[in-house]
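*Asks:* Sequence and predicted structure are below.
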Amino acid sequence: MFYAPQDSDSSPRLFPVQHRIVRRGRDLERFLNLWRLALASGITVTVLAAWLIRGHLYREELWGLAGLGVILVAALVFQLYLAWFPWNEENGVWVVAADIGAITGALVMYVMLDRAIVATNSQIVFFGYFLVVALAGVRSDPRVARGVTLAVPGSYALVIFLAVAWREVHFAAPDADYGTFRWVAQVSRLLLLTTVTWIIHLDVALGASDRTEARHDPLTGLFNRRYLEELLIRELAWAQQNHKHLSVLLLDLDGFKSYNDTHGHLAGDRVLEHVAGSLAAAVRTGDTLVRFGGDEFVVVLPNTSGEVARRVARDLLRAVPPEIGISAGVGCLGVDATTVEQLLQTADSALMRAKQAGGGVVAAG
């Protein structure tokens, strides 16, 4: 048995599966969007409570409620989108851009309403920038982190520029609720945003480097079994959602244990490196070669039927030097193979038949 069965991401769902949040896919976005909904709802309730207590709302609060309403509706629509449509990791960049645009747009709106002091001194709206930075850190996407590092301080600098150059907020009389414009406070805010975003950018970059190392086999340089699990879960969900083929090849060296016993493990490691290099040079563009463990390799073939997969397997066997025997088992997505575990088990059963036939052949599940 290779893996425990994994939930498919093909069924509609509004709430995230907790154990899959760490995969940084659609479930993580569901989780983050629920926080977006909760915070927007909490601020809305707070403003409405102030309305009930005071009996009236300031003009900026009315516009703030309108903006919160737009955010709540957009977040609800986004949650429904995440429930029904597949998620592309690149969409995270646009989601973060929308968040930054919403916060900056709110501050610019106050400048346009001739309430520039609200734009520069409001702590609640300014907190939104830190929320965006925190969400970028949770996503652990280097592209998002780089964008936030530039966009967040730049956006707030634009707000200050408009408030000073257009509304001359630095000459305005003190406001009863928001105080006065102070250059020291605004420069400190900009420096704080710049520092925090750069720290997040550095942390995400280090995390990406660690994940890259954790996904590769140190001997052959190929992807490892950990990465294979993540890849197959994604590819299986995509194939099922789009009614496409998916095949895997399980390759095993013939007589490798005897070779190790005769020549030693260091010589065996050199053989594994040589085989890995030969297979890596022969795999098709779009296919993924993984060292599964020991002398076993797996090739993931997206959108590939069983017939084509068998032909690919035969080509890979010919790519390996003839003095190194290798056998292959083919597993295909189908009625009897609908999970990652079943797909690999099918390939493993086919590999056993290839071994029993004397090795050096391809068998299909």
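*Replies:* Yep, that arrived.

*Asks:* could you check the distance from residue 265 over to residue 254?
*Replies:* Applying CB to CB, to the nearest Å, the value for residue 265 to residue 254 is 18 Å. Just so you know, the C-beta spots here come from the backbone N, C-alpha and C atoms, and that holds for glycine as well.

*Asks:* Tell me which of those two has more neighbours.
*Replies:* residue 254 (17 against 11; other CB atoms under 10 Å).

*Asks:* who touches the closest residue to that one other than its chain neighbours in this structure?
*Replies:* Once flanking residues are discounted, residue 254 sits nearest to residue 325: 3.3 Å by CB to CB, 6 or more residues apart in numbering. Counting by CB atoms under 8 Å, 6 or more residues apart in numbering, residue 325 touches 253, 254, 255, 359, 360.

*Asks:* Next: residue 294.
*Replies:* By CB under 8 Å, 6+ apart, the contact list for residue 294 reads residue 256.

*Asks:* Next one: it from residue 205, what distance?
*Replies:* 33 Å.

*Asks:* Which stretches in the stretch 151-300 of the chain count as helices?
*Replies:* Using DSSP state H, counting those that start in this stretch, the helices of the stretch 151-300 of the chain run over 183-214, 225-242, 256-263, 265-282.

*Asks:* hang on, isn't residue 305 packed against residue 245?
*Replies:* Yes: counting by CB atoms under 8 Å, residue 305 touches residue 245, with 4.7 Å between them.

*Asks:* For PyMOL, write the select line for the buried members of the contacts of residue 325.
*Replies:* Here is the PyMOL command that selects only those of the contacts of residue 325 that count as buried (16 or more other CB atoms under 10 Å):
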select buried, resi 253+254+360
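
*Asks:* Nearest to residue 18 among the contacts of residue 325?
*Replies:* The closest of these to residue 18 turns out to be residue 253 (CB to CB; 39.8 Å).

*Asks:* thinking that closest one is in contact with residue 291, fair?
*Replies:* No: Residue 253 is beyond contact range of residue 291, at 11.6 Å (criterion: CB under 8 Å).

*Asks:* okay, and the common contacts of these two?
*Replies:* In contact with both residue 253 and residue 291: residue 272, using CB under 8 Å, 6+ apart.

*Asks:* Break the protein down into its domains, please.
*Replies:* Per automatic domain parsing, the structural domains of the chain span 18-214, 225-364.

*Asks:* Turn those into a markdown table, including distance to residue 12 and mean pLDDT.
*Replies:* Formatted as a markdown table, these follow (distance: least, CB to CB, whole Å; pLDDT from 0 to 100):
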| stretch | distance to residue 12 | mean pLDDT |
| --- | --- | --- |
| domain 18-214 | 5 | 91 |
| domain 225-364 | 11 | 93 |
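
*Asks:* still on that earlier bit, looking at the helices of the stretch 151-300 of the chain, which one is packed in the most?
*Replies:* Of the helices of the stretch 151-300 of the chain, the one with the most neighbours on average (mean count of other CB atoms under 10 Å) is helix 225-242, at a mean of 18.

*Asks:* From the contact counts, what lies against it?
*Replies:* Packing partners of helix 225-242 (3 or more CB pairs under 8 Å, 6 or more residues apart in numbering; DSSP states H and E): strand 246-253, strand 288-293, strand 296-302, helix 340-356.

*Asks:* go again using 6 Å as the cut-off
*Replies:* strand 288-293, strand 296-302 (3 or more CB pairs under 6 Å, 6 or more residues apart in numbering; DSSP states H and E).

*Asks:* Now do that helix and strand 246-253, the angle between them.
*Replies:* Relative orientation of helix 225-242 versus strand 246-253 (axes from the mean of the first three to the mean of the last three CA atoms, to 10 degrees): 150 degrees.

*Asks:* and helix 225-242, how far out from the chain's middle?
*Replies:* With CA atoms, centre = their mean, to the nearest Å as the basis, helix 225-242 stands 14 Å off its chain's centre.

*Asks:* same thing with stretch 166-176?
*Replies:* Remark: stretch 166-176 is offset 44 Å from the chain centroid, using CA atoms, centre = their mean.

*Asks:* And stretch 239-249, by the same measure?
*Replies:* Centre-to-centre, stretch 239-249 and its host chain are 21 Å apart (CA atoms, centre = their mean).
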